[in-house]
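Peer 1: need coordinates for the below:
(chains A and B)
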Amino acid sequence: NAGVTQTPKFQVLKTGQSMTLQCAQDMNHNSMYWYRQDPGMGLRLIYYSASEGTTDKGEVPNGYNVSRLNKREFSLRLESAAPSQTSVYFCAGSLSSGTSGQQFFGPGTRLTVL
Amino acid sequence: GNSVTQMEGPVTLSEEAFLTINCTYTATGYPSLFWYVQYPGEGLQLLLKATKADDKGSNKGFEATYRKETTSFHLEKGSVQVSDSAVYFCALKGGATNKLIFGTGTLLAVQP
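Peer 2: Okay, the predicted model is just below:
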């Protein structure tokens, strides 16, 4: 099993460009999450999907959109990138709500917006 | 709302020293508590967890006890190794969803 995978690993964008970060899991997770990690801020939830077909905003959703394409895949889109979106992005998955709460994380995508 | 506060780093220790990283939380009800570890260049992975008051989570020589009276979940290890150098995150899960709220992370550097 590959676990939770993310592509790309690194990306550099210019202000105003768009891109989609891809995430896939083969762990049969019902719930999936997108976080950003910034120095001194810990991890902040951008969007999550409690189950296939549903998505909800997290703590910092502005400037992002998501798609839960199917049970395995959960993508994060930046329509018009800004320097404030320079960050490391992590995707995670977990089993259904009400269980232990453990989340499994991908290796991250390091994004720089110039 | 729910929140997690953990001690700021970096924490620098010599090999075999005793480690404590403090974590306190604010939450309604009875949250589950977690410690995650992030090794350089990797994603987070679960280190240990506790789901109710007085539970002790343990793994790889690390321990943390869920103290409801002090709303704390401090991470301890009796003898750290260089390989323990990483960023440690305290987190809580409250309510019916599996959303986690993370602390800001504490960088631990262990020197030989």
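Peer 1: which regions of the chain sit below the pLDDT cut-off?
Peer 2: No chain in the question, so chain A it is. Along chain A, the model assigns pLDDT under 70 to residues A:96-100.
Peer 1: wait, chain B
Peer 2: Along chain B, segments meeting pLDDT under 70 span B:95-97.
Peer 1: need the residues of it near chain A, please.
Peer 2: Selection of chain B residues close to chain A by CB under 8 Å from any CB of the partner chain yields B:32, B:34, B:41-46, B:49, B:51, B:89, B:93, B:96-100, B:102-105. All C-beta atoms are positioned from the backbone trio N, CA, C, and that covers glycine.
Peer 1: now, of those, which are buried?
Peer 2: Listed as buried from the residues of chain B next to chain A are B:32, B:34, B:43-44, B:46, B:49, B:89, B:93, B:97-100, B:102-105; burial here means 16 or more other CB atoms under 10 Å in any protein chain shown.
Peer 1: at the geometric centre of chain A, which residue sits there?
Peer 2: The centre of chain A sits closest to A:Trp34, judged by CA atoms, centre = their mean, with a distance of 2.7 Å.
Peer 1: which parts of chain B are helices?
Peer 2: Read by DSSP state H, chain B holds no helices at all.
Peer 1: quick one on the thing from earlier: so the residue nearest to the centre of chain A is in which element?
Peer 2: Secondary structure from DSSP states H and E places A:Trp34 in strand A:31-38.
Peer 1: does the following helix or strand past that strand reach chain B?
Peer 2: Once the chain leaves strand A:31-38, the next helix or strand it forms, by DSSP H and E, is strand A:42-49. Yes. Using CB under 8 Å from any CB, strand A:42-49 comes into contact with chain B via A:Gly42, A:Leu43, A:Arg44, A:Leu45, A:Tyr48.
Peer 1: show me what strand A:42-49 is in contact with.
Peer 2: Residues outside strand A:42-49 that contact it (CB atoms under 8 Å, 6 or more residues apart in numbering or on different chains): A:31-38, A:55-61, A:64-66, A:68, A:74, A:76, A:89-90, B:44, B:89, B:97, B:99-100, B:102-105.
Peer 1: could you rerun that using 6 Å?
Peer 2: A:32-37, A:55-56, A:58-61, A:64, A:66, A:68, A:74, B:102-105 (CB atoms under 6 Å, 6 or more residues apart in numbering or on different chains).
Peer 1: now list the buried members of those residues.
Peer 2: A:32-37, A:55, A:58, A:60-61, A:64, A:66, A:68, A:74, B:102-105.
Peer 1: touching, B:Val87 and B:Gln38? I think so.
Peer 2: Yes. With contact defined as CB atoms under 6 Å, B:Val87 counts as touching B:Gln38 (4.5 Å).
Peer 1: which ones are touching B:Thr5?
Peer 2: Applying CB under 6 Å, 6+ apart to B:Thr5 gives the contacts B:Thr24.
Peer 1: what about it, distance to B:Cys23?
Peer 2: From B:Thr5 across to B:Cys23, the span is 7 Å (CB to CB, to the nearest Å).
Peer 1: swap in A:Val88?
Peer 2: Distance of A:Val88 to B:Cys23, given as CB to CB: 22 Å.
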